[in-house]
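Participant: Next comes the sequence, and after it the predicted model I'd like to discuss.
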Amino acid sequence: MSSTIVVAGVTSLYMAMPVMDFPLPYASQRFPEWMRAEVSGAACHIASTLHTLGDEARLCTLVGRDLAGQAIRTSLRARGLWGPGAVTAPQSSLGVVLVASDGQRSGHPYVAGVNTVEYPVEVFRRLVHGADLAVLTNAAFVQPLLRHACERGVPIAVDVHLITDVDDAYNRPWLEVADIIFCSHERLPCSPRRWVEKIFHRYPGCSVAAVGLGGRGCVMGLADGALIKAAAVAPRGVVSTAGAGDALFASFVHSWLATRNPAEALEDAVLHAGWKVGGTFPGATSLTAVELARLRETHPVDTVLGRWDSLE
């Protein structure tokens with residue numbers, strides 16, 4: 001089943017290269033085994049994943065008039081993501097990601113060129129009309145668009161990434177209106193189960209709250225008190241975990257809208273993210289829905305059901 005999903009946020013030209021380990025010792029020169037330049041960024045990666053899975057992904061993003069913008073335009077057109085939501089800005093977003101031998105990554109996004117740009121509201125309002133869901137990333141220029149999605153009655157999904165506080169001032173506008181909330185475990189002040197509980201108590205409008213656990217999979221809570229734990233699966237091994245959270249988030253959104261089965265959607269999400277981290281640049285390739293279904297036949301995901309609203 002295909003869904004119409006608006007995705008608003010950053011599209012960046014990224015460079016990726018391997019390093020031996022972190023912390024990175026000083027060297028005046030290195031000759032890496034590989035290096036890649038790709039167009040990614042959270043919104044682009046999410047939209048590309050959704051598009052490949054078969055959804056209509058309407059990308060709302062900013063593309064500079066600079067050299068990086070030329071590469072971004074070429075890539076978006078090749079992926080079928082170029083459209084009226086790609087708005088011209090003075091500068092493009094850039095990024096560098098360093099990848100250790102165990103797949104851990106250190107990302108360095110440079111979004112100063114788009115953070116101060118005002119995204120045209122009328123463009124977003126046209127694209128969000130009739131959509132099944134709005135994926136509104138927590139990029140600065142997206143915040144003014146939140147109320148317009150609400151006014152249209154479109155459900156909202158957000159990944160707040162490395163959040164540390166349920167009352168985080170920057171992310172609160174997104175958290176207060178989101179139906180689906182994802183984040184990373186990396187900087188949480190408590191256990192994932194406790195975090196899920198805190199999200200539902202603080203933001204009662206939320207329906208789904210999930211915490212990506214990296215190599216341990218994902219924990220997801222539902223508003224009815226259910227808790228689903230899915231173990232990680234990496235069919236191709238782990239080369240780079242850059243963008244793994246975006247892959248998890250996007251894949252869940254696709255399957256959730258298609259099936260309304262949270263356990264099945266989480267299994268798809270964990271498996272797709274696990275497959276993506278087997279490449280040097282996970283944001284560059286995705287599976288189709290048919291390919292993902294075939295992969296599930298050979299790589300089942302272990303899930304455990306419980307409750308976040310009890311002491312069990």
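Facilitator: Everything's here; your move.

Participant: Trp275 against Pro235, yeah?
Facilitator: Yes - contact criterion Cβ atoms under 8 Å: Trp275 and Pro235 qualify, at 5.3 Å. Bear in mind the C-beta positions are built from the backbone N, C-alpha and C, glycine included.

Participant: Report the rounded mean pLDDT for stretch 89-97.
Facilitator: For stretch 89-97, the mean pLDDT works out to 97.

Participant: How about stretch 53-63?
Facilitator: In this model, stretch 53-63 has an average pLDDT of 98.

Participant: Using PDB, write out the CA atom coordinates for it.
Facilitator: What follows is stretch 53-63 as a C-alpha-only set of coordinates in PDB (Å, rounded to 0.1, in the frame of the first residue of the first chain):
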ATOM      1  CA  LEU A  53       9.700   1.600  -0.600                       C
ATOM      2  CA  GLY A  54       6.900   2.800  -2.800                       C
ATOM      3  CA  ASP A  55       5.400   5.800  -1.100                       C
ATOM      4  CA  GLU A  56       4.800   9.300  -2.700                       C
ATOM      5  CA  ALA A  57       7.400  11.300  -0.800                       C
ATOM      6  CA  ARG A  58       7.000  15.100  -1.200                       C
ATOM      7  CA  LEU A  59      10.300  16.600  -0.200                       C
ATOM      8  CA  CYS A  60      10.300  20.100   1.300                       C
ATOM      9  CA  THR A  61      13.900  21.200   1.500                       C
ATOM     10  CA  LEU A  62      16.400  24.100   0.700                       C
ATOM     11  CA  VAL A  63      18.900  23.800  -2.100                       C
END
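
Participant: what comes up buried for that stretch?
Facilitator: By 16 or more other Cβ atoms under 10 Å, the buried positions in stretch 53-63 come out as 53, 55, 57-63.

Participant: same deal with stretch 243-261?
Facilitator: Going by 16+ other Cβ under 10 Å, stretch 243-261 has these buried residues: 243-258.

Participant: same deal with stretch 82-89?
Facilitator: 82, 85-87, 89.

Participant: Inside strands: which ones of those residues?
Facilitator: The strands, defined by DSSP state E, take in 86-87, 89 from the buried residues of stretch 82-89.

Participant: Make a markdown table out of the buried residues of stretch 53-63 and add distance to Gly279 and secondary structure.
Facilitator: As requested, the buried residues of stretch 53-63 are exported to a markdown table (distance: Cβ to Cβ, whole Å; DSSP: H, G, I helix; E, B strand; the rest coil):
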| residue | distance to Gly279 | secondary structure |
| --- | --- | --- |
| Leu53 | 17 | helix |
| Asp55 | 22 | coil |
| Ala57 | 20 | strand |
| Arg58 | 26 | strand |
| Leu59 | 22 | strand |
| Cys60 | 27 | strand |
| Thr61 | 23 | strand |
| Leu62 | 27 | strand |
| Val63 | 25 | strand |
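
Participant: Select, from those, the two members most distant in space.
Facilitator: Spatial extent of the buried residues of stretch 53-63 (Cβ to Cβ) is set by the pair Leu53 and Leu62 at 24.4 Å.
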